[in-house]
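Colleague: Fold the following and give me the result.
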Amino acid sequence: MWAGVKLPGGQYRKRGQLAEAHDVLRRIAAGEINARQLPENTALLARNERDAVPVTAVVWHLPVTQVGPQTAA
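Modeller: Residues are numbered from 1 along each chain as shown. Prediction:
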């Protein structure tokens, strides 16, 4: 049996894992370490802009409507 903590989303973590994560977050907040230096972030930082997928965006300009109650006229 191991003592675990249920996190949002139904995920479970061992108390030791949570303590380690809290320590890392505390060290980042204190400025002792940089999040970019963590080994678990290596894959995220290795991605290049060449790997980015082009995205099409559409902007709609809607007419400004009158704010407040409308009259019958």
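Colleague: which residues sit in contact with Val59?
Modeller: Residues counted as contacts of Val59 (C-beta atoms under 8 Å, 6 or more residues apart in numbering): none. Heads up, the C-betas are built off the backbone N, CA and C, glycines and all.
Colleague: mind checking the SS state of the residue lying closest to Ala35 once chain neighbours are set aside?
Modeller: With C-beta to C-beta, 6 or more residues apart in numbering as the criterion, Ala35 has its nearest non-adjacent residue at 5.5 Å, and that residue is Ile28. Recorded secondary structure, Ile28: helix (DSSP: H, G, I helix; E, B strand; the rest coil).
Colleague: Any idea how many residues pack against Ile28?
Modeller: Neighbours of Ile28 under the rule other C-beta atoms under 10 Å: 14.
Colleague: What of the one 10 residues further on?
Modeller: Using other C-beta under 10 Å, Leu38 has 14 other residues around it.
Colleague: Now do it, the pLDDT please.
Modeller: On the pLDDT scale, Leu38 is placed at 86.
Colleague: In this structure it contacts Val24, no?
Modeller: Yes - the criterion here is C-beta atoms under 8 Å, and Leu38 meets it with Val24 at 7.1 Å.
Colleague: hang on, the earlier thing: touching, the residue nearest to Ala35 and Arg36? I think so.
Modeller: No - at 10.2 Å, Ile28 does not count as touching Arg36 under the criterion of C-beta under 8 Å.
Colleague: Please enumerate the strands of this protein.
Modeller: Along the chain, the segments classed as strands by DSSP state E run 4-7, 11-14.
Colleague: Rebuild these as JSON lines, extending it with mean pLDDT and distance to Val59.
Modeller: Formatted as JSON lines, those follow (pLDDT from 0 to 100; distance: least, C-beta to C-beta, whole Å):
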{"stretch": "strand 4-7", "mean pLDDT": "70", "distance to Val59": "38"}
{"stretch": "strand 11-14", "mean pLDDT": "78", "distance to Val59": "38"}
